[in-house]
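**Q** Build me a model:
(2 chains)
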Amino acid sequence: MKNEQFNNRDISNEYFKVDIEDYPTDPWGKFTRVVKRTFRGELFVGLWVVMREMIKFDTHTISYPMEKMPIGPRYRAVHEMKRLWESDTERCIGCGLCEKICISNCIRMDTKIDEHSRKEVSEYTINLGRCIFCGYCAEVCPELAITHGGEYENASEQREHFIDYAGMLTPLDKMKAGTQKEFEGFGAITPHEDERVKKTPLAY
Amino acid sequence: METAYLIETVIKIVVVLLVFSALAGIGTYFERKILAFMQRRLGPMNVGPYGLLQVAADGVKLFTKEDIIPTNVVAPIFKIAPVITAATAFMAAAAIPFLPSFTIFGYEVHPIVADINIGILYILGIMGVGLYGPLLGGMASANKFALISAARGAAVFISYEVVTGLSILAPIMMVGSLSLIDFNEYQAGGITEWIIWTQPVAFILFWIAAFAETGRTPFHLIANDHEIIDGFGTEYSGMRWGLFFIGEYANMFFISFVIPLLFLGGYGDGSLLGALGLLAKMAFFFFFFLWTRAAWPDVRPDQLMWLCWKVLMPIAVLNILITAIVLM
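**A** As a prediction, this is how the structure comes out:
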């Protein structure tokens, strides 16, 4: 698509004037206008429109707590931490990129070296009172570990209910059932990514 | 006065009161449901099956709410105003034959509280008195919106009452009686004898005036929510407001009975079919009140007065003249 059609601001040939009759000044003109409007039957058009909608019975109401709208995969609600499909361990490698990129400074993490000499996340909190749900953390994460979920019902007795690391991690039983959902938002792998992977050129 | 007659009348009054108080409540349910369906919503759904118990929930809420008498209102008038609306609405029902007379346990019952010989005049008069509810309530409320509503009420009342009276005069001249039972007997011969065929203009005029009489949507300007909050009802709460509400809906039901009795043959020859026919006609007119509320916009007070004085009243006078010439 080219930009020209949007850059063209000359719309003089598309404008047209709505045909509005002159306001009647003499009594006879006013009288004929009233008669014309009276017998044009516009009121019955209105009656028919609402009756038609009632007969069609095509209600748009969603009785919310019982049924919910399907939510887009790129919706950015409360964060989730994903696990690896192969080993059920956490994907987070403690690189700290999300903490660094967070523009509202709401992510704090602490890491340590564990017994296998691997970096391990010891503390990880998101202050949801500050979070603006911009999605930068999910975008920057190299391991697709921190993502946004679809849980938008954020009412709770305490903010802390949402921010502890264990709560954000995919539960193990869900992992076992294989029902962990991948984040499809910005920063995620596009579909059929495997087919597009090229071999690393080694023949230097 | 016989004791039996006295007992019968008291029972009739109690039945009419109970049935139409309940109907007024259920009327709000119908209104909310039908408006919702016409606007592609569901309406009340959560209290009871299909929201049927919503009426009971609203009733409990209205009855148990605190009775607030605001500062600066004229307390006695403020308190009596809703009673006037509700009471006059039910008083008007005294002269309406709701069903043809039937026999129960070998006793003939006339389902009309009092067949007085000035029936329709009495009904219109009492319904006119009903205007004092909004008028006094609005003026006593110490509230600008309520005052505007009261002023509008008075202006509208004078306008449409002229049309009501004049439009009904032509059928009265034809029937030669003011009793609704006589009206019914006049049209008992079947659908071809209905007064609507001889007096279509009077029918349309009376129907239009009925909308102003009950304050329903094209002429809902006495309590127009989007202009003057709830008008005369702004300062009211709890059961006092509920009485206004019951009065309004009872009025709608009664006028829906009166229109078919006057113009559409009423209960016909008095058979069961005729009785069901009257109820069906009543249901249609009640439904039409709700239908127009979903479909039509409101008019301004000056437009209503223009309509009543400059259009409807001359037509009504012409209608009377032509009827008189034809009858001579």
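**Q** use CA for all of it now, contacts and neighbours both
**A** Noted.
**Q** which bits of the stretch 151-300 of chain B sit near chain A?
**A** For the stretch 151-300 of chain B, the residues in contact with chain A (Cα under 8 Å from any Cα of the partner chain) are B:Trp291, B:Thr292, B:Ala294, B:Ala295, B:Trp296.
**Q** three-state assignment of the third one?
**A** By that I understand B:Ala294. Counting by DSSP: H, G, I helix; E, B strand; the rest coil, the backbone at B:Ala294 sits in helix.
**Q** in terms of contact, does it touch B:Arg40 like I think?
**A** No. The criterion here is Cα atoms under 8 Å, and B:Ala294 misses it with B:Arg40 at 11.1 Å.
**Q** neighbour count winner among these two?
**A** B:Ala294 (22 against 18; other Cα atoms under 10 Å in any protein chain shown).
**Q** residues contacting that one?
**A** A:Val50, B:Leu35, B:Met38, B:Gln39 (Cα atoms under 8 Å, 6 or more residues apart in numbering or on different chains).
**Q** before we move on, what about B:Leu205?
**A** B:Val163, B:Thr164, B:Ser167, B:Leu312, B:Ala316.
**Q** And A:Asp164, by the same measure?
**A** Contacts of A:Asp164 (Cα under 8 Å, 6+ apart): A:Tyr124, A:Thr125, A:Ile126.
**Q** I'd like to know how far the last one sits from A:Phe133.
**A** Here the criterion is Cα to Cα, to the nearest Å. By it, A:Ile126 lies 11 Å from A:Phe133.
**Q** thinking again about what came up before, closest to A:Phe39 among the residues of the stretch 151-300 of chain B next to chain A?
**A** B:Trp296 (16.0 Å; Cα to Cα).
**Q** my guess is the closest one contacts B:Arg216, does it?
**A** No. Judged on Cα under 8 Å, B:Trp296 makes no contact with B:Arg216 at a distance of 10.6 Å.
**Q** Show me which of these two is the more surrounded one.
**A** Shown here are B:Trp296 and B:Arg216; by other Cα under 10 Å, B:Arg216 has more neighbours (21 against 17).
**Q** ok, and the closest non-adjacent residue to that one?
**A** The shortest distance from B:Arg216 to any non-neighbouring residue, by Cα to Cα, 6 or more residues apart in numbering or on different chains, is to B:Phe289 (6.8 Å).
**Q** Relative to chain A, how far out is the one you found?
**A** Distance of B:Phe289 to chain A, given as Cα to the nearest Cα, to the nearest Å: 11 Å.
**Q** Close to chain B: what parts of chain A are there?
**A** A:43, A:46-47, A:49-54, A:57-61.
**Q** Now that we have those residues, which of them are buried?
**A** Using 16 or more other Cα atoms under 10 Å in any protein chain shown as the burial test, those include A:Gly46, A:Leu47, A:Val50, A:Met51, A:Met54 as buried.
**Q** So what touches the host helix or strand of the first one?
**A** Using DSSP states H and E, A:Gly46 maps to helix A:42-56. Taking Cα under 8 Å, 6+ apart as the criterion, the residues outside helix A:42-56 that touch it are B:Ile34, B:Phe37, B:Met38, B:Gln39, B:Arg40, B:Trp291, B:Thr292, B:Ala294, B:Ala295, B:Trp296.
**Q** can you pick the most crowded of those?
**A** Counting by other Cα under 10 Å, top hit in these: B:Met38 with 25 neighbours.
**Q** quick one: low-confidence parts of chain B?
**A** B:1, B:106 (pLDDT under 70).
**Q** Strands of that one, start to end?
**A** B:102-104, B:107-109 (DSSP state E).
**Q** next one: the first one to chain centre, how far?
**A** Computed by Cα atoms, centre = their mean, to the nearest Å, the separation of strand B:102-104 from the middle of its chain amounts to 28 Å.
**Q** If you count surrounding residues, which of A:Ile126 and A:Phe133 has more?
**A** A:Ile126 (21 against 17).
**Q** Next, that one: phi, psi?
**A** phi -120, psi 120 (degrees, to the nearest 10).
**Q** thought it was touching A:Cys102?
**A** No. Applying Cα under 8 Å, one finds A:Ile126 not in contact with A:Cys102, separated by 10.1 Å.
**Q** hey, which helix or strand in chain A has the poorest pLDDT?
**A** helix A:160-163 (a mean of 64; mean pLDDT, DSSP states H and E).
**Q** Can you name the secondary structure element that comes next after that one?
**A** Beyond helix A:160-163 toward the C-terminal end (DSSP H and E), the next one is helix A:165-168.
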